[in-house]
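Novice: When you get a sec, could you give me coordinates for this:
(one chain, ligands or ions: 1)
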Amino acid sequence: MMNPAPLIEMACAYWHSATLIAAVRLDLFTRLAEGPATPAELAARLGTDPVATDALLTGLASLQLIAKADDRFTNTALADTFLVAGRPAFLGPALLYNGDVYPLWADLHTVVREGDATRAPDQYLGDDADRTRNFVYGMHHRALGVGRAVAQVIRLDGRRRLADVGGGPGTYSALLAQANPELSAEVLDLPGVVAIAREIVGSMGVGDRVTCSPFDYYRDTLAGQYDAALISGVLHREQPAQVQAILANVARVVEPGGVLYISDVMLDDDRVGPVFAAMFALNMRVLAHDGRCHSVAEQTAWLAEAGFQVTDVVRLPAPIHYTVIRAERTT
Ligand SMILES: C[S@@+](CC[C@H](N)C(=O)[O-])C[C@H]1O[C@@H](n2cnc3c(N)ncnc32)[C@H](O)[C@@H]1O
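Specialist: I've put the predicted structure just below:
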């Protein structure tokens, strides 16, 4: 008889996510880093219910995020590196963003039935100050941590002016400005987002060469002239027609010989995998009305229509899961 175990595991997989996210929300790993603790001691530190804390600690230990010795718990190396506030590789805000999105997945069937996102995406992009700050700082920490690999494959030697379209926190512009002293960059994003980007770029010491300007690609036409452009993590919000419109908009301001990098989660050309990209595309579907992941083949064709020729494709492995397309402006 066929074993149904994979189905049971899939149906219960969110238990793991909820356990991790609850612990991050409670600052559990940060407080545990202060010293080994019994469940009662940690509950006292956290101000939580001792019996429920005991259950949560058992769950976290089973997931190998904490370890038990002599009735006391400590963080494992994984938790100590990524889940303690103040550590250089702290991932808390990025994981909490997944926690914010988590209730939307419960309504995936409604999204599929009705074709619409259940919550207006603007809540994350300016309308709700707390969610927007969480989202923008989540992107910043991701770009500084695992996402740094993306900046490392973007070669801008000799380039002087970068348009960072949908640049979010501005972290990639700032990293690229740090790596290329002759480069100035303009982060173009929605007003509520660029307000936070300015403070992030300033904190990275390149506020004089990285400017942040309000820009809505649904409404605004790009102006000026650039010899480089970056569209990172943006096109997964959009259906093909809008992607083509964005590429045409960018083509208008990138001079011949200029370079365009697109970095994003991308589907294989047959559009049935990999699993992370397929799930990410669904995540974008519950979040943003038009969310979709695109394949390299699709984008190569759209780039050609816009006057760009693809010169290189780099696939970055987990945990980044991004593919970086490099294209040159031909006409
Ligand atoms: C996933 S984030 C990527 C941010 C950044 N490029 C990065 O890779 O870290 C997508 C960005 O697209 C921006 N965005 C969404 N809709 C937009 C629009 N209509 N016009 C301009 N930017 C938009 C969002 O505000 C957000 O900063």
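Novice: I'd like the next helix or strand past the biggest strand by length in the chain.
Specialist: Ordering each strand of the chain by length in residues (DSSP state E) puts strand 254-264 first. Per DSSP states H and E, the first helix or strand lying C-terminal to strand 254-264 is helix 275-287.
Novice: ok, that following helix near the ligand or not?
Specialist: No - against the ligand, helix 275-287 shows no contacts by C-beta under 6 Å from any ligand atom, the least distance being 9.2 Å. Using the backbone N, CA and C atoms, a C-beta is placed for each residue, glycine as well.
Novice: one step back: pull out the buried residues from the longest strand of the chain.
Specialist: Val254, Gly258, Val259, Leu260, Tyr261, Ile262, Ser263, Asp264 (16 or more other C-beta atoms under 10 Å).
Novice: Make JSON lines out of those residues and add pLDDT.
Specialist: Listed next are these as JSON lines, based on pLDDT from 0 to 100:
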{"residue": "Val254", "pLDDT": "98"}
{"residue": "Gly258", "pLDDT": "98"}
{"residue": "Val259", "pLDDT": "98"}
{"residue": "Leu260", "pLDDT": "98"}
{"residue": "Tyr261", "pLDDT": "98"}
{"residue": "Ile262", "pLDDT": "98"}
{"residue": "Ser263", "pLDDT": "97"}
{"residue": "Asp264", "pLDDT": "97"}
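Novice: what subset of the residues you listed is also close to the ligand?
Specialist: Counting by C-beta under 6 Å from any ligand atom, no member of the buried residues of strand 254-264 is near the ligand.
Novice: Among those residues, which pair sits farthest apart?
Specialist: Gly258 and Asp264 (19.6 Å; C-beta to C-beta).
Novice: Show me what the helix or strand where Ala301 lies is in contact with.
Specialist: Assigned by DSSP H and E, Ala301 belongs to helix 296-306. The contact list for helix 296-306 (C-beta atoms under 8 Å, 6 or more residues apart in numbering) reads 235, 240, 243-244, 247-248, 250-251, 260, 262, 266, 269, 309-310, 313, 323, 325, 327.
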